[in-house]
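In: coords please:
(2 chains)
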Amino acid sequence: MSNQSFERSVVPEILVVDDSKVMRDMISACLRSDPNISVTHASSGLEAIERLSLGRFDVLVLDVNMPDIGGLEVLEFVRAQDKLKDLPILVVTTRSDDVSRERVLAAGATRYLTKPFDPQTILSEVQALLGTVPAGVQTGEA
Amino acid sequence: MNVDLREFRAAFVAEAEEHLAAVQSLLLKVERAEREGKRAPGELRELMRLVHTVKGLSAMVGVEPIVALAHRMEAVLRQAERAGGLLNEQAIEVLLAAARAIESRIRSVAEERSPAAAPPGLLAALDNVELPAPEALAELPLDPLLASKLGPSERHQLEEGTLGGKRAVRVDFAPSAEKAAEGFTINTVRERLASLAEIVKVIPVTSPASGKVPTGLFFALLLLTDATDEAIADAVGVDPADVELVLLPRAPACASLPVDVEDDACLAEGRGGLLRVEVGRVDDAIAMLGGLVVTRARIVHAIDRVEAAGGDTRELRSLMLDTARQLRDLRAALLRVRMVPMAAVLERLPLLVRGLARASGKQVRLELDVGSVELDKTVAERLFPALLHLVRNAVDHGIEASDERVRAGKNEVGTVRIVSVTRDRNIELRISDDGRGVDREAVARHAGAPPPVTDAELLALLCRPGLTTRGEVDTTSGRGMGMDIVHKVVVRGLGGELALETRAGVGTTFVLRVPLTVAIVDVLTVRCGGERYAVPVSVVQEIVELAQEQVVDGVSAGRGFALRYRMFARRGRSVPVFDLGDALGTPTSAPAPHALLVRRGDGELVAYAVERVLGQQEVVVRPLLDPLVASPAVSGTTDLGDGRATVVLDLLALTSSLEATRGRRRAA
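Out: Predicted structure coming up:
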């Protein structure tokens, strides 16, 4: 598993980074439907970097295109740090973003999701990154 | 799973609408900057952020038309950012159109209707926006860390900012749990700095953990500011010594050059240079001047009373004459600050006409002949939409398709010409086309009125609210304002005149005559029906002593005004004389021996008889905005110096309303 070297918290903590409040709320609502997941928000790439340096998170859900410093810059920055190089990261993009899947993965994303997605998909992706279900398999819990 | 994304629709609408409003106001800000020849890289980056957020949100709720529009807007903005923060008028126009299109689709989502597809023409226009190539950048002496992270937009922002007298500083913020407990996080630091400085760039940097950098992470913040090091340090929670000067403001650099070598350049900049002033500050000063004008009128009244009581007022009178001249000079100086060149107001028209011509498949040439005329900014802002409408009409309805023009023996390229001249204290704008002329029959048919005989009657029909000669709304002229609004803007809003000359097959000319300024007006004060009124001097051609004229009763059959009137002859033409009291519905039995002679837009003369002409003075006119008391014959109220509100009459509108009554009667 990709996050083996990562010490698991009691309740997995997910950091959701998006500059849109509605998007953050939507993603948290999806993730919080699993009672074993706790969610923290960051409204910018800079805040995400700060939070990652101060606390510990089990999965990072990252919007690729943000002001100041975008998702790709955050990815590169995170991967350059020893203590964060194995953090599972789910990158969220918009179909029309000029960012290819390859580029996102090359920059260090673990998984990749395109808007619009349904609530189940993002939950399954995050659960897969937590190692609670294998990637790409539906939980059937719907 | 019980999460339903539809629950987020209201939140989506609220956030998207908020962003859209910000996008539109930022675009207008960029447009203003552009007109002043400035860049707006900070605004541009904020625009990119907002548009992108709208795109992401819309993708999430599956509103593809918005995604398509926002995506292209983003591309245009990114191109502009690479060019260092430059957008041109055409690009702004297209971006504003796209923002409006997105706005209307958000409303559809709010009303649970499915939003219309993105207009293909608009998508193509966004794709075809051409922006200037990036300009070469001056080398800025920056340390390598900053230099490697700054894009062209940020470099331009630094250049612009230091040129504007700000200094660029760097301050590092190292987050930690302790700092967070004291209220210092990157978010709060940025919020606090936002009121002190422009944040040009924030760069996260890792370094070996130390006392100053406990977590091994710090943010290097690059700021443009005129705040002190202490204020900056306070906002970031560091020592003032840690605020590092990166770039000096440019102006001091100029001043510090050896005077004997470079003084010419420096002095030239100081003396003939431009000073950018917020319009609001000039308006404040003009409002204060308005107060002075009123006070002066009060003093004159007081002197009248002293004189009536037998006091010697000669010295006071002569001082008051000096004051009057000084106030006039001060007013002129202040109003000059507000003047903008007509050429600058019209500079976006060529692009617009090109776009209109392309959209309608016609060939159109725009000729501008406006010389160096300048006009008040407020007048310019109010006038421009009316002008735009007339130009659109000319291209859309006036100019024929090329083949039709060739058949009619005309040049296949149509011409729209705008000429402006100043006359007295008015600006006259003539917007003419060499097209097919206004179709009187069609206008009459649509208005449900008999065909107009004169151009003035035709114009009156065209200016009826809601009139359009098109079966359906078309892409350009159909939207926005109609001729009735043009009329309102020019005549009611600006106290100007609108006239029309048109000949079938030859072309159409609209003539707009508006005052160069609106703040202070010279008025004649008159009395009639026991009331006092003010009339702008600019509309009164002459004060006629009716006793000197051969006055006869008017013949209703010929001119058919709604009111009883008399007539006298002037330069071979008969001029109707109305009693002003009668016309205003306050008839009086007192004799009205004087008449104000007014020339209407169509050149016809009309006179209004009054009991007394009291005097002439400069006043500040306050428009009547309350629709309950607003009347077409009233352009506002003013204080003549005695603290009472006096009505300022719009005699041209009064004449029209007397005629409108006649029109209704004849049509009935």
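
In: Roughly how far does the residue positioned nearest the centre of chain A sit from residue B:350?
Out: Compute the mean C-alpha point of chain A, and by Cα atoms, centre = their mean the closest residue is residue A:61, 1.7 Å away. Residue A:61 sits 49 Å away from residue B:350, going by Cβ to Cβ, to the nearest Å. Where C-beta positions appear, they are placed from N, C-alpha and C, glycine not excepted.

In: Contact residues of chain A facing chain B?
Out: A:18-23, A:25-26, A:29-30, A:33, A:43-44, A:46-47, A:49-50, A:53-54, A:63, A:65-69, A:77, A:80-81, A:94-96, A:115-120, A:123, A:141-142 (Cβ under 8 Å from any Cβ of the partner chain).

In: try it again with 7 Å
Out: By Cβ under 7 Å from any Cβ of the partner chain, the part of chain A that sits against chain B consists of A:19-23, A:25-26, A:29-30, A:33, A:46-47, A:49-50, A:53-54, A:63, A:65, A:67-68, A:77, A:80-81, A:94-96, A:115-116, A:119-120, A:141-142.

In: Please list only the buried members of those residues.
Out: For these, a burial check counting by 16 or more other Cβ atoms under 10 Å in any protein chain shown picks out A:19-20, A:22-23, A:25-26, A:29-30, A:33, A:46-47, A:49-50, A:53-54, A:63, A:65, A:67-68, A:77, A:94, A:96, A:115-116, A:119-120.

In: Of those, which belong to helices?
Out: Members of these lying in helices (criterion: DSSP state H): A:22-23, A:25-26, A:29-30, A:46-47, A:49-50, A:53-54, A:77, A:119-120.

In: what about residue 86, which SS state?
Out: Using chain A. coil (DSSP: H, G, I helix; E, B strand; the rest coil).

In: What is the burial count for it?
Out: 14 (other Cβ atoms under 10 Å in any protein chain shown).

In: so what's the backbone phi/psi at it?
Out: Main-chain dihedrals, residue A:86, degrees, to the nearest 10: phi -110, psi 10.

In: got it, and residue B:62?
Out: Torsion angles, degrees, to the nearest 10, at residue B:62: phi 70, psi 30.

In: Count the residues that sit near it.
Out: Counted with other Cβ under 10 Å, residue B:62 comes out at 12.

In: Can you tell me the element residue B:193 falls in?
Out: helix B:186-194 (DSSP states H and E).

In: quick one, the next helix or strand after that helix and helix A:45-54 angle?
Out: Downstream of helix B:186-194, the first helix or strand assigned by DSSP H and E is strand B:197-206. With axes from the mean of the first three to the mean of the last three Cα atoms, to 10 degrees applied, the angle from strand B:197-206 to helix A:45-54 works out at 40 degrees.

In: re earlier: residues in contact with the helix holding residue B:193?
Out: Contacts of helix B:186-194 with the rest of the structure, by Cβ atoms under 7 Å, 6 or more residues apart in numbering or on different chains, involve A:46-47, A:50, B:173, B:175, B:199, B:219, B:223, B:235-236.

In: Same check on stretch B:363-370?
Out: For stretch B:363-370, using Cβ under 7 Å, 6+ apart, the contacting residues are B:342-343, B:346, B:349-350, B:353, B:357, B:395, B:399, B:402, B:412-420.

In: can you give me how far it is from the chain middle?
Out: When C-alpha coordinates are averaged (Cα atoms, centre = their mean, to the nearest Å), stretch B:363-370 and its chain have centres 22 Å apart.

In: Ok, stretch B:523-543 next?
Out: Using Cα atoms, centre = their mean, the offset of stretch B:523-543 from its chain centre is 30 Å.

In: in that stretch, what's buried?
Out: Using 16+ other Cβ under 10 Å as the test for burial, stretch B:523-543 gives B:523-529, B:532-540.

In: Which of the residues you listed fall within helices?
Out: Short answer: those have none in helices (DSSP H).

In: of all those, which two lie farthest apart?
Out: B:529 and B:538 (23.7 Å; Cβ to Cβ).

In: about what we covered before: which one of the contacts of helix B:186-194 is nearest residue B:510?
Out: After measuring these against residue B:510 - Cβ to Cβ - the closest member comes out as residue B:199, at 48.8 Å.

In: contacting residues around that closest one?
Out: B:190, B:193, B:221, B:223.

In: Which of those sits closest to chain A?
Out: residue B:190 (7.8 Å; Cβ to the nearest Cβ).

In: that older thread, so which of the contacts of stretch B:363-370 reach chain A?
Out: Counting by Cβ under 7 Å from any Cβ, no member of those reaches chain A.

In: Check these for burial and list the buried ones.
Out: Buried, going by 16+ other Cβ under 10 Å: B:342, B:346, B:349, B:353, B:357, B:395, B:399, B:402, B:414-420, out of the contacts of stretch B:363-370.

In: Would you mind measuring from residue B:645 to residue B:332?
Out: 27 Å.

In: Could you grab the helix/strand/coil label for residue B:521?
Out: strand.

In: next one: residue B:422
Out: Residue B:422 - assigned by three-state DSSP - is strand.

In: Mind listing the residues bridging to it?
Out: Residue B:422 has these beta-bridge partners by DSSP bridges: residue B:427.

In: Just to check, it is in contact with residue B:374?
Out: No - counting by Cβ atoms under 7 Å, residue B:422 does not reach residue B:374; the two are 8.6 Å apart.

In: Comparing the two, which shows the higher neighbour count?
Out: Set side by side, residue B:422 and residue B:374 show more neighbours around residue B:374, with 20 against 15, by other Cβ under 10 Å.

In: looking at it, that one is touching residue B:337, isn't it?
Out: No - if you go by Cβ under 7 Å, residue B:374 and residue B:337 don't touch, sitting 11.1 Å apart.

In: Would you mind listing the buried residues in the lowest-mean-pLDDT helix or strand in chain A?
Out: Least confident helix or strand, chain A: helix A:101-106 with a mean of 83, by mean pLDDT, DSSP states H and E. Burial within helix A:101-106, assessed by neighbour count using 16+ other Cβ under 10 Å, is assigned to residue A:104.

In: Same check on stretch B:379-387?
Out: B:379-380, B:382-383, B:386-387.

In: Closest to residue B:498 out of those?
Out: residue B:386 (8.7 Å).

In: how about that closest one, what does it touch?
Out: B:486, B:489-490.

In: Distance of it relative to chain A?
Out: 39 Å (Cβ to the nearest Cβ, to the nearest Å).

In: could you pull out the strands for chain A?
Out: A:13-17, A:38-42, A:59-63, A:89-94, A:111-115 (DSSP state E).

In: Kindly report the residues of chain B close to chain A.
Out: Residues of chain B lying near chain A (Cβ under 7 Å from any Cβ): B:1-3, B:5, B:8, B:11-12, B:15, B:45, B:49, B:52-53, B:55-57, B:59-60, B:62, B:67, B:71, B:175, B:177, B:180, B:185-187, B:202, B:204, B:206, B:215, B:217, B:219.

In: Which ones among those residues map onto helices?
Out: B:11-12, B:15, B:45, B:49, B:52-53, B:55-57, B:59-60, B:67, B:71, B:177, B:180, B:186-187.
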